[in-house]
Structures are given as structure tokens and as C-alpha cells.
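# predicted structure and sequence below. I'll ask about it afterward.
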Amino acid sequence: EADIYQTPRYLVIGTGKKITLECSQTMGHDKMYWYQQDPGMELHLIHYSYGVNSTEKGDLSSESTVSRIRTEHFPLTLESARPSHTSQYLCASSEYSRPQETQYFGPGTRLLVL
Amino acid sequence: DQQVKQNSPSLSVQEGRISILNCDYTNSMFDYFLWYKKYPAEGPTFLISISSIKDKNEDGRFTVFLNKSAKHLSLHIVPSQPGDSAVYFCAASDSNYKLTFGKGTLLTVNP
């Protein structure tokens, strides 16, 4: 199982602030993902990366941006937080292998924008 | 339009009995299916998976069954334990590798 870390675990912030959610994994996985989940709802993919300098937008439109400068690090940034960004953000990683590719998740960041 | 559906938002069972969680999908291109368990304020934990070339996969107390013709899979937990109480997500993947999740089923195992 992957060791994948997210910080902060909880964040309460005012509208208009810039925030960066950190995600790191120590397994050397090529692929990393960001999901957004609201209570009682499914996880929605907002960003993914297949390797260094590779980033793509997911199925759910998001105002956030990501970068992948190092294999182990995949931070997510919101330039100007709004109450509509309040949600849980989950980072995941997986090895690039088929057919049995399994994503492993970090503990998540709960974001509350006031 | 949801491609992965978990129609039961919640399920309650007695300790020691079997828990059966169900999942339906609509996309015939899905070829790999996973179950995740999630506690509040934590990330999902991978439980068990199944490839579309199989109809059953077992790991300890957890068994996943896949019925491709019905586009249906189920997770059986036996015997159920209070520590199994959590939200269970069904997920499916196709050749694009991205996962599509259901909305989850809250399982409560009563002592």
C-alpha cells in the first residue's frame, strides 16, 4: 500500500485567500490524482498527472491548479478561495500498470472557506 | 448521468451476520472494479478489486462478485464486525485508467 500524505488535514480560511494543499507520496508512483468530495456524494476527479511535467484536468471543472515538478509531490492551489470551494480534497497515487491499477488515497484535506 | 450507482444509501446489519453491498454500472467499457472503505474525515482505503475476466475474488472476510451481463457487482462481508462500520464506495475503471465512483453506502454493524 502507498504511503501518501496530505497537509493540512483541516483548513479554515477567509474568502479571497490563496491556498495550497500539499500531497506527497513515497512510493515512486508515476500517476497522481486530486479528487473533490462533498458529504454523501461520489468522489469527483478534478486533476491528474501521469508523471513529471504532466497535468490534466479531470471530469469535474475546478478553479484550482496543480503542478508536478517532482514525482513525489503534487500540490493543488486555489488562487482566491471562495465559499463554493468548501469541500474535502483527496489526493491519490497509483503505479502505471495494467490491468490491475489500484489508486491509493491520502487522508484528505477538509477545507472550509468563510 | 451516473455511470456507477449504489442505490442503497445505508445498510444496517447485526454483528456476525453477512453484509451485502451492491453496485450497478452502465458503461460496458469498464473492465476493473474496486471497493473502498472510508471513515469520516479520512481518505478511502482500498479493500478489494476484481477484473472483468473474473466473476469472483475473495480476500479474507471480503468477497466481491461480478455479473457482467447484469452490469452488477456486490461486496460480501462475512462475518460482519463493528469495526466494518464505514462508508463503502464502489469504483470502476476503463482503459483511460480514471476511476468513476458511486455515491457510497453507509454500513452500520450493530454489536
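Arrived safely, thanks for sending. In this text the structure is predicted, and so the values were computed from the model without any measurement.

# give me the beta-bridge partners of the residue nearest to A:H73 when sequence neighbours are not counted?
Excluding its sequence neighbours, the residue lying closest to A:H73 (CB to CB, 6 or more residues apart in numbering or on different chains) is A:S24, at 5.3 Å. Every C-beta, even on glycine, is put in place using the N, C-alpha and C of the backbone. Applying DSSP bridges to A:S24 yields these beta-bridge partners: A:Y5, A:H73.

# how about the contacts made by A:S24?
By CB atoms under 8 Å, 6 or more residues apart in numbering or on different chains, the contact list for A:S24 reads A:I4, A:Y5, A:E72, A:H73, A:F74.

# filter those to the buried ones?
Buried subset of the contacts of A:S24 (neighbour count, 16 or more other CB atoms under 10 Å in any protein chain shown): A:I4, A:E72, A:F74.

# circling back: list just the nearest of the contacts of A:S24 to B:K71.
A:I4 (31.0 Å; CB to CB).

# so that closest one touches A:G108, yeah?
No: the criterion here is CB atoms under 8 Å, and A:I4 misses it with A:G108 at 10.4 Å.

# need the overlap of contacts for the two.
A:C91, B:G43.

# reformat the buried ones among the contacts of A:S24 as TSV; add pLDDT.
Below are those laid out as TSV (pLDDT from 0 to 100):
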residue	pLDDT
A:I4	95
A:E72	96
A:F74	98
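
# from those residues, which is closest to B:K37?
A:I4 (16.1 Å).

# quick one: that closest one and A:Q103, what's the gap?
Distance from A:I4 to A:Q103, counting by CB to CB, to the nearest Å: 10 Å.

# can you pull the residues of chain B lying near chain A?
B:2, B:4, B:9, B:31-32, B:34, B:36, B:41-46, B:49, B:51, B:89, B:91, B:93, B:97-104 (CB under 8 Å from any CB of the partner chain).

# go again using 7 Å as the cut-off
Counting by CB under 7 Å from any CB of the partner chain, the residues of chain B close to chain A are B:31-32, B:34, B:41-44, B:46, B:49, B:51, B:93, B:97-99, B:101-103.

# which helix or strand contains the residue of chain B found nearest chain A?
Using CB to the nearest CB, the closest approach of chain B to chain A is made by B:G43 at 3.6 Å. Using DSSP states H and E, B:G43 maps to neither a helix nor a strand.

# A:S49 and A:T55 touch, don't they?
Yes: the criterion here is CB atoms under 7 Å, and A:S49 meets it with A:T55 at 4.9 Å.

# more neighbours, the two?
With neighbours defined as other CB atoms under 10 Å in any protein chain shown, A:S49 and A:T55 compare such that A:S49 has more, 20 against 17.

# number of residues surrounding B:F30?
With other CB under 10 Å as criterion, B:F30 counts 21.
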